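Asker: predicted model and sequence below, questions to follow.
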Amino acid sequence: MTTMGDVARIAGVSASTVSHVLNGTRKVNTATRLRVEAAIEQSGYRRNGVARSLAAGRTHTVGLSISALTNPYFNSLVHAVERALSAAGYVLIVGDSHDELQSEKRVTDSLLDRQVDGMIVAPAAGSERLTLPDITRTGTPLVLIDRGVDIGCDQVGPENVAPARALTEHLLELGHRRIAVLRGLAGISSTTERFDGYGAALADHGIEVDPALVLDGASSTEVAEREVHALMSTAHRPHALVSLNNAMTIGALKALRVLGLSIPGDVAFVCYDDFEWADLFEPRLTAAAQDVDTIGATAVELLLRRMRGDDAVPQHIRVPTTLHHRNSCGCTTPQPIASPIADR
């Protein structure tokens, strides 16, 4: 590796002169500066940005621990966070926790070892017992994204209860009473809240949740496909289904296709999470769409404030969803569903 000393030898000057040229800490006469710049180009010397950053107490990097980067929603969320951070002059370092606590611990430990200036985490189940206390003990500014945890730090995510409730309510209004639901990964706040929305809609109509219609899809395409295939193969299959995240939606659609069941003719279908291509399907998917750009930008804004020394009371922000009413629910001429403003 080329050093500052190598540059100095090529230019025939002292290492301190090279340093002054690089950092502008002292005026250097034009002839000498040109020799040093030529020596830098000739040698291919690159300044040690990490060392300079650490000496200044900042690395201008932010760590992001997030799960399932193959999931279109999380992929879009990473891009939203990166755009906002880049505009503020920061570089994003991303690690995939795979929604496993020990994997998340390895990711966050690695990010802390790199002395990131701040961290954004989409917490895995159990994070509040292991990962998050370790981060807060270091004093590293922290913001939680997408999922909430009972811990004292800034948090931002989408509405969950109200959109799931509205989707289920719409199927009830269409006359369905046996409505199956694909529930996400256990131990995650978004899973609990969306399922609560489903249950609340049923309760509003005097219907108890039927355990036989609750499918644990584990936020997985493969698991959801298997669970939907098993339920919809029975003689008393339901004629309506709510999927509570996009990975499970893909699995459900695969299972229904394999079984030869049509949407919405055989099964009315609605889902939480929208896709760019949801409007290109036939039938077009009725879905609750998260405002990914706003969620990402808000998380970055909160983190930047903390990194600037803001010690205000932590904020918990919910970003509204938009309900896209199409025809997978069984409506031939879709009418707008009221878009919920806040979870209740």
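Answerer: It's in.

Asker: so what's the closest residue to M232 other than its chain neighbours up against?
Answerer: Spatial nearest neighbour of M232, chain neighbours left out: L259 (5.5 Å); criterion: C-beta to C-beta, 6 or more residues apart in numbering. (Each C-beta comes from the backbone N, C-alpha and C, glycine too.) Residues near L259 by C-beta atoms under 8 Å, 6 or more residues apart in numbering: H229, M232, S233.

Asker: tell me the pLDDT at L259?
Answerer: With respect to pLDDT, L259 scores 97.

Asker: cool, A51 as well?
Answerer: Model confidence at A51, given as pLDDT, is 51.

Asker: what of A297?
Answerer: On pLDDT, A297 comes in at 97.

Asker: cool, I341 as well?
Answerer: 42.

Asker: quick one, helices of the protein?
Answerer: Applying DSSP state H to the chain gives helices spanning 4-11, 15-23, 30-43, 49-56, 72-87, 101-113, 131-138, 161-173, 189-204, 221-232, 246-259, 292-307.

Asker: re the thing from before, return the members of the contacts of L259 classed as buried.
Answerer: Listed as buried from those are H229, M232; burial here means 16 or more other C-beta atoms under 10 Å.

Asker: helices and strands of the chain: which one has the lowest mean pLDDT?
Answerer: helix 49-56 (a mean of 51; mean pLDDT, DSSP states H and E).

Asker: quick revisit: adding distance to T322, write the helices of the chain out as a markdown table.
Answerer: Listed next are those as a markdown table, based on distance: least, C-beta to C-beta, whole Å:
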| stretch | distance to T322 |
| --- | --- |
| helix 4-11 | 55 |
| helix 15-23 | 50 |
| helix 30-43 | 52 |
| helix 49-56 | 40 |
| helix 72-87 | 14 |
| helix 101-113 | 30 |
| helix 131-138 | 30 |
| helix 161-173 | 9 |
| helix 189-204 | 16 |
| helix 221-232 | 23 |
| helix 246-259 | 15 |
| helix 292-307 | 11 |
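
Asker: closest one of the contacts of L259 to D274?
Answerer: Ranked by distance to D274 (C-beta to C-beta), the contacts of L259 are led by M232 at 23.1 Å.

Asker: that closest one touches I263, doesn't it?
Answerer: No. Using C-beta atoms under 8 Å, M232 is not in contact with I263, being 11.4 Å away.

Asker: who touches both of the two?
Answerer: By C-beta under 8 Å, 6+ apart, M232 and I263 have these common neighbours: L256.

Asker: hmm, who's touching stretch 72-86?
Answerer: Contacts of stretch 72-86 with the rest of the structure, by C-beta under 8 Å, 6+ apart, involve 62, 64, 66-69, 91-92, 94, 120, 122, 145-146, 245-246, 273, 275-276, 290, 292-293, 295-297, 299-301.

Asker: those, buried ones only, as a PyMOL selection?
Answerer: Here is the PyMOL command that selects the buried residues among the contacts of stretch 72-86 (16+ other C-beta under 10 Å):
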select buried, resi 62+64+66+67+68+92+94+120+122+145+146+245+246+273+275+290+292+293+295+296+297+299+300
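
Asker: distance between stretch 174-190 and the chain's centre?
Answerer: Distance of stretch 174-190 from the chain centroid (C-alpha atoms, centre = their mean, to the nearest Å) equals 21 Å.

Asker: tell me the mean pLDDT over that stretch?
Answerer: 96.

Asker: look up how far S220 lies from T322.
Answerer: 25 Å (C-beta to C-beta, to the nearest Å).

Asker: neighbour count: those two, which is higher?
Answerer: More crowded of T322 and S220, by other C-beta atoms under 10 Å: S220, with 21 against 14.

Asker: for the residue lying closest to the more buried one once chain neighbours are set aside, give me its contacts.
Answerer: Closest residue in space to S220, ignoring its immediate chain neighbours: A247 at 6.1 Å, by C-beta to C-beta, 6+ apart. By C-beta under 8 Å, 6+ apart, the contact list for A247 reads A68, N71, S219, S220, T221, A224.

Asker: next one: phi and psi at G24?
Answerer: Note on G24: backbone dihedrals following degrees, to the nearest 10 are phi 60, psi 30.

Asker: burial count for it?
Answerer: 9.

Asker: do the one 4 residues further on as well
Answerer: Counted with other C-beta under 10 Å, residues neighbouring V28 total 17.

Asker: looks like it contacts V36 (just checking).
Answerer: Yes. Applying C-beta under 8 Å, one finds V28 in contact with V36, separated by 7.3 Å.
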